[in-house]
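J.: only geometry, no sequence info:
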């Protein structure tokens, strides 16, 4: 024998005697209180763990036993007899407030659950093992105090709230049961692996095969029985069983593929049996089938009493297993709930050094969490209470939670549980640095993966739809689809369906015709309002954001200056942002599912607006259509300028005279068309002497046309011509015709009288169709030319500034170099297109569509629909007509001032 070891053994009693002799009175008092009075803390190490867990298990056992006996026929009959006496003679019964058996169970469960949850919370700080193994007298006193207090709580809201809490706690306990089943399957699998691999026993291998075959056969047969016996008219039960079967099959394949030594068969088999049991419990509740119940072929449903007592027995056996098993092994845990495979570093000086999981693989230090252990017993109390009472608070009352609600909540919980156990097989491969046996890491990685998936689907989306061109196409498609949906509301069948709703129609005739306002008209207003709100929201959010990827941009004096090329600018503070991008840019390019859902949500929410809102929205739309018409003119000028330039390039580069002939033909055709339009205006809209307003408008428009033509052919105007001029003239004459057709005086407006005879309600006519076509062309052209238009608008702004500066003749010098010279030497950085401008145009287009689709009508109450050919519409149209020519003249004449 080693002498050193002998000396150490012999010296042990002397050491203990010396330590006892030098012990302080405080240590003696602590041992006395702990040993004799049971009111002190326990040891710092888990020395009496099996005994402590057994005591906790006894609490749960007596709770289940006593509450189950309350529901036996003999005892329940006596309690109900006493309850009847208490009900007839208030105050004469021995049960407080004449409570039912369910109320008694709720109060006993409340006492036990609060006790264990309190112990779990107290055990959270440091040294939880001392609380777990000590303070027994305080624990008993806590139960003895809570039990009578719980019976003093009156019947009513307490039972209702407590039933809901127990139901939610029972759902959490299902997850705990799954963990315990995994843990038990791991132990059994390890036993079989040891027997098969080390002892080379064919008998154990045969037993392992038979056990797996029995488990999977039970699972398959049980699933087929669920298909055969549980059906409903809604088809919810077969769908639930199908989804559960698919997820169980996926989990089995993953468990077998990723497992070592074929241990995954037993894991997946036991979990599948447990999932089938939960599915059976879920199907015993009714779904949301209206006036229908779950049909069970061949008999009635499995008795709820048998099923709930089997669940309680299974839960109690799993809790018993967790309390009595050997904690020196290392299996699954919830933060150390049962057996931890979360290997930690050795403690030095009372502090644990954290290391990576890979560096801890060789360390086998089991960890036990008293807090999680107590919480497990608390959730079992929730689970047992909800099962025993069946969520009822009185003898004859309905369940606190309706059967249909219970069915769907349990279904969602079941699917979430299946997804989590499937993820438990995947996440070690996806996150190799995480501990594969730590359930906290399992939940954390699952949430992380789901957030990444949601970002991928909702934010990032597909690659082809995240670019500048694709974003403009999708926004344009949303606008066109919204307008087309508004047009569909004028279909007679849809209009008649809307008129049946009192929300859109307050007065209905005997023939089913709305006599107050046109329902299609009201619906169109709401759809256009939703579109306008959608684009206005993005215009506001994306203010001062463009798609440039260089953030070092200075917007001083409204000029984008590239500071990277300016030696006078200190770029030290912006070096970190060179390759960054404004995160709001993603709102323009990405998140298409979110934006489409927002678009549809605004459409639905707009129908909640009151009918009086239409009178406010009409005047907002009038302003918007005026601004959009001006925008149409600007885009038309831009298009004609580009087209004329292309004609000139074709004529100069081509030897053929066909391009020149085509240019001359188009020019004379437009001149003839303009003259014919003016003559027709004088013939049809100025028949009577009282039509002075029409005469003034037409004459003023004719004068502007002649003036514009003369200025266009002036020698000093080199960037214009008759073709470009008369395209604008035709657009102006079209606005003039549209304005004259909205004259309220029917004698001066033959078009109004014709429309009034055809249909007295808002409808789509030729003029509205042309306006819609022009609007679509404008929006599509603007979307395709948005970058060039943004640059042209900045150039126009710079031109306006130069005109103002030249008129004031101000040259401000700073040092040896003037401001103009500095600007000429500064490199300008123009964005591809401005996001706010883009969405503002679509906002105005939505307002313009409102006016077009309603034909400028104003809703009026009464027995008839009155065609609102009003002065406001005419004034807006005629103002836009004249202003279009004035604006064109200003644009082509601005060259004279800049020169």
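T.: Ah, there it is. What you see is a predicted model; the values in this text were computed from it and never measured.

J.: Helices of the stretch 451-600 of the chain, residue ranges please.
T.: 468-488, 492-499, 519-541, 585-589, 592-606 (DSSP state H, counting those that start in this stretch).

J.: Lowest mean pLDDT among the helices and strands of this protein, which one is it?
T.: strand 347-348 (a mean of 32; mean pLDDT, DSSP states H and E).

J.: just to revisit the earlier point, can you tell me which of the helices of the stretch 451-600 of the chain is packed in deepest?
T.: Ranked by mean neighbour count under mean count of other Cβ atoms under 10 Å, these are led by helix 519-541, which reaches a mean of 22. Placement of C-beta: from N, CA and C, glycine included.

J.: and that helix with helix 468-488, angle?
T.: Here the directions of helix 519-541 and helix 468-488 differ by 160 degrees (axes from the mean of the first three to the mean of the last three Cα atoms, to 10 degrees).

J.: Output the contacting helices and strands for helix 519-541.
T.: If you count contacts as 3 or more Cβ pairs under 8 Å, 6 or more residues apart in numbering; DSSP states H and E, helix 519-541 packs onto helix 468-488, helix 492-499, helix 585-589, helix 592-606, helix 613-653, helix 835-853.

J.: run the last query once more with 7 Å
T.: Applying 3 or more Cβ pairs under 7 Å, 6 or more residues apart in numbering; DSSP states H and E, one finds that helix 519-541 contacts helix 468-488, helix 492-499, helix 592-606, helix 613-653, helix 835-853.

J.: could you dump those helices to a markdown table with mean pLDDT and distance to residue 890?
T.: Output for the helices and strands packed on helix 519-541, formatted as a markdown table (pLDDT from 0 to 100; distance: least, Cβ to Cβ, whole Å):
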| stretch | mean pLDDT | distance to residue 890 |
| --- | --- | --- |
| helix 468-488 | 87 | 29 |
| helix 492-499 | 73 | 45 |
| helix 592-606 | 87 | 38 |
| helix 613-653 | 82 | 11 |
| helix 835-853 | 88 | 21 |
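
J.: quick revisit: quick one: closest of the helices of the stretch 451-600 of the chain to residue 254.
T.: With respect to residue 254, and counting by Cβ to Cβ, the nearest of the helices of the stretch 451-600 of the chain is helix 592-606 at 28.3 Å.

J.: And the contacts of the closest one?
T.: 457-458, 461, 465, 474, 478, 526-527, 529-530, 533-534 (Cβ atoms under 7 Å, 6 or more residues apart in numbering).

J.: Need these in JSON lines (columns: distance to residue 222).
T.: Formatted as JSON lines, these follow (distance: Cβ to Cβ, whole Å):
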{"residue": "457", "distance to residue 222": "35"}
{"residue": "458", "distance to residue 222": "38"}
{"residue": "461", "distance to residue 222": "42"}
{"residue": "465", "distance to residue 222": "46"}
{"residue": "474", "distance to residue 222": "49"}
{"residue": "478", "distance to residue 222": "49"}
{"residue": "526", "distance to residue 222": "52"}
{"residue": "527", "distance to residue 222": "52"}
{"residue": "529", "distance to residue 222": "55"}
{"residue": "530", "distance to residue 222": "50"}
{"residue": "533", "distance to residue 222": "53"}
{"residue": "534", "distance to residue 222": "51"}
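
J.: Let me know the secondary structure of the nearest residue to residue 66 once chain neighbours are set aside.
T.: Counting by Cβ to Cβ, 6 or more residues apart in numbering, residue 108 is the residue found nearest to residue 66 once chain neighbours are left out, at 6.9 Å. Put simply, residue 108 is helix when judged by DSSP: H, G, I helix; E, B strand; the rest coil.

J.: number of nearby residues for residue 108?
T.: 22 (other Cβ atoms under 10 Å).

J.: all strands for this protein, in order.
T.: With DSSP state E as the criterion, the chain has strands at 230-231, 295-296, 347-348, 351-352, 553-554, 561-562, 813-814, 817-818.

J.: ok, of those, where does mean pLDDT dip lowest?
T.: For the strands of the chain, mean pLDDT drops lowest on strand 347-348, to a mean of 32.

J.: what about residue 666, how many residues close to it?
T.: For residue 666, using other Cβ under 10 Å, the count is 16.

J.: For it, give me its contacts.
T.: residue 723.

J.: cool, and residue 467?
T.: residue 589.

J.: distance of it from residue 613?
T.: Noted for residue 467: a distance of 38 Å to residue 613, by Cβ to Cβ, to the nearest Å.

J.: Residue 748 touches residue 692, doesn't it?
T.: No - using Cβ atoms under 7 Å, residue 748 makes no contact with residue 692, being 9.1 Å away.

J.: Those two: which is more packed in?
T.: Higher neighbour count among residue 748 and residue 692: residue 748, with 20 against 11, using other Cβ under 10 Å.

J.: Next, the contact list for residue 458, please.
T.: Residue 458 touches 591, 593-594, counting by Cβ under 7 Å, 6+ apart.

J.: Take those residues and lay them out in CSV including distance to residue 170.
T.: Compiled in CSV, those are given as follows (distance: Cβ to Cβ, whole Å):
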residue, distance to residue 170
591, 38
593, 35
594, 35
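
J.: Pick the one among those residues closest to residue 436.
T.: Nearest to residue 436 among the contacts of residue 458, counting by Cβ to Cβ, is residue 593 at 33.0 Å.

J.: so how far is residue 766 from residue 670?
T.: Where residue 766 is concerned, residue 670 sits at a distance of 21 Å (Cβ to Cβ).

J.: pLDDT weak spots in the stretch 201-350 of the chain?
T.: Counting by pLDDT under 70, the stretch 201-350 of the chain has low-confidence residues at 232-234, 260-263, 286-303, 326-350.

J.: Try it again at 90.
T.: Applying pLDDT under 90 to the stretch 201-350 of the chain flags residues 201-209, 211-212, 215, 222-245, 247-272, 274, 276-313, 315-350.

J.: same check, this time on the stretch 701-850 of the chain
T.: Using pLDDT under 90, the stretch 701-850 of the chain drops low at 701-775, 777-839, 848-850.

J.: and if you look at the stretch 451-600 of the chain?
T.: In the stretch 451-600 of the chain (pLDDT under 90), the answer is 451-476, 483-528, 539-598, 600.

J.: Now residue 609. Nearest residue, chain neighbours left out?
T.: In space, residue 609 is closest to residue 526, 6.1 Å off (Cβ to Cβ, 6+ apart).

J.: check contacts around that neighbour.
T.: Residue 526 neighbours (Cβ under 7 Å, 6+ apart): 606-607, 609.

J.: Could you count how many residues lie near residue 388?
T.: For residue 388, using other Cβ under 10 Å, the count is 24.

J.: which residues touch it?
T.: 67-68, 71, 105.

J.: so how far is residue 267 from residue 168?
T.: 27 Å.

J.: what ranges do the helices span in the stretch 101-250 of the chain?
T.: Going by DSSP H, counting those that start in this stretch, the stretch 101-250 of the chain shows helices at 101-122, 128-133, 136-152, 157-197, 202-229, 236-258.
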